[in-house]
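Novice: Can you look at this prediction? I've put the sequence above it.
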Amino acid sequence: MSTRIAFLKGHGTENDFVIVPDPDNVIDLPPAAVAALCDRRAGIGGDGLLHVVRSAAHPDAEEMAAEAEWFMDYRNGDGSTAEMCGNGVRVFARYLQEAGLAVEGDLAIATRGGVKTVHLAKDGDITVGMGKALLPEGQVTVSVGERSWPARNVNMGNPHAVAFVDDLGHAGDLFTPPPFSPASVYPDGVNVEFVVDRAPRHVAMRVHERGSGETRSCGTGACAVAVATARRDGADPAVTGTPVTYTVDVPGGTLRITEHPDGEIEMTGPAVIVAEGEIDTDRLRAATR
């Protein structure tokens, strides 16, 4: 029998998501269904899907339920799961606010990358505590066509390879994952950021997100870029005791990234809900055949 599932559509600096509220975790969302919903021609369209579930109702989050009522069960556009999505957390928080499930101020959200602290500001921007960056040792190289660059390995709860280039056009079309080596560094794939300088403490980036292709923005990627750029510039708040902030331009807008002396990173930017509707489950099943 056909049923109807509520959905919303939102974006953070044009990194866009299908939002499926499901507090009790009763909706079946296999990878094929997620991919069908995220398809830009045959579905609703999105870089990923935000499955909104109470932490206590999801096996991946029940241990975090005491800290965070809500779990962002994030899926990439191809249906695969991911540890974390920075822009997605902001959009997730905006949904909770507009649904009357959160108010201005601080909010904890559970993710596969841990519990994230979110601040909903009066001016509309949302700040997310993104945790600390890990900087694994070892040389990484990424390539596009005949060009190759050394890349900084940064982990923000998900893996990133940050390459500084002379021109963002050198990143190519980013439809397919840029090759990297050695392959053993990222056994589950990697998000690859290409970065150019704009001004002091101001950079621009393009990104290939694993499982989604090129996206208009990537929150964890912007954080990885800010940390990699700071280290390249000789700035380390843990050493100086002074926070450092970078402006990071993405194709869909601008994010502000601050790294604090204790290593904690904050990302600030907008989040917007643009539409809502219903999905017919019979049609969704037909789309996955």
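Specialist: That came through fine.
Novice: can you list the domains in this structure?
Specialist: Under automatic domain parsing, the residue ranges defining each domain of the chain are 4-125+271-287, 140-269.
Novice: Go through those and name the closest to Lys132.
Specialist: domain 140-269 (4.0 Å; Cβ to Cβ). (C-beta placed from N, C-alpha, C; glycine too.)
Novice: ok, residues contacting stretch 107-114?
Specialist: 55, 60-61, 64-65, 67-72, 74, 81-85, 89, 92-93, 96, 115-120, 131, 156-158 (Cβ atoms under 8 Å, 6 or more residues apart in numbering).
Novice: what about burial for those residues, which qualify?
Specialist: 55, 61, 64-65, 68-72, 74, 82-85, 89, 92-93, 96, 115-120, 131, 156-158 (16 or more other Cβ atoms under 10 Å).
Novice: Next step: those residues restricted to strands.
Specialist: Counted as lying in strands by DSSP state E, out of the buried ones among the contacts of stretch 107-114, are 70-72, 74, 115-120, 131.
Novice: before we move on, back to that, in TSV: the domains of the chain, plus mean pLDDT.
Specialist: Shown next, in TSV, are the domains of the chain (pLDDT from 0 to 100):
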stretch	mean pLDDT
domain 4-125+271-287	95
domain 140-269	96
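Novice: Can you give the distance of stretch 53-70 from its chain's centre?
Specialist: Distance of stretch 53-70 from the chain centroid (Cα atoms, centre = their mean, to the nearest Å) equals 20 Å.
Novice: Which pLDDT value goes with Met1?
Specialist: For Met1, the pLDDT comes out at 58.
Novice: Give me the most central residue, the protein.
Specialist: Centroid-nearest residue in the chain, with Cα atoms, centre = their mean: Cys85, separated by 2.4 Å.
Novice: quick one: contacts for the nearest residue to that one once chain neighbours are set aside?
Specialist: In this structure, Cys85 finds its nearest non-sequential neighbour in Tyr74, 5.0 Å apart by Cβ to Cβ, 6 or more residues apart in numbering. Residues near Tyr74 by Cβ under 8 Å, 6+ apart: 48-51, 81-82, 84-85, 88, 111-112.
Novice: The stretch 151-289 of the chain: strands as residue ranges?
Specialist: 159-164, 180-181, 191-199, 202-209, 213-214, 244-250, 253-259, 264-269, 272-280 (DSSP state E, counting those that start in this stretch).
Novice: and these as CSV, adding mean neighbour count and distance to Gly172?
Specialist: Compiled in CSV, those are given as follows (neighbours: other Cβ atoms under 10 Å; distance: least, Cβ to Cβ, whole Å):
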stretch, mean neighbour count, distance to Gly172
strand 159-164, 25, 12
strand 180-181, 17, 14
strand 191-199, 21, 9
strand 202-209, 23, 9
strand 213-214, 18, 9
strand 244-250, 21, 17
strand 253-259, 21, 22
strand 264-269, 21, 26
strand 272-280, 13, 29
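Novice: To Ala102, which of those strands lies closest?
Specialist: strand 272-280 (13.0 Å).
Novice: Name the surrounding residues that touch the closest one.
Specialist: By Cβ under 8 Å, 6+ apart, the list of residues contacting strand 272-280 reads 2-12, 19, 37, 44, 91, 94-95, 98.
Novice: ok, Thr13 touching Asp249?
Specialist: No. At 9.5 Å, Thr13 does not count as touching Asp249 under the criterion of Cβ atoms under 8 Å.
Novice: before we move on, could you check phi and psi at the residue nearest to the centre of the chain?
Specialist: Dihedral pair for Cys85: phi -150, psi 110, per degrees, to the nearest 10.
Novice: before we move on, the earlier item: would you mind putting the strands of the stretch 151-289 of the chain into TSV with distance to Gly221 alongside?
Specialist: Formatted as TSV, the strands of the stretch 151-289 of the chain follow (distance: least, Cβ to Cβ, whole Å):
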stretch	distance to Gly221
strand 159-164	6
strand 180-181	15
strand 191-199	5
strand 202-209	5
strand 213-214	11
strand 244-250	8
strand 253-259	10
strand 264-269	10
strand 272-280	20
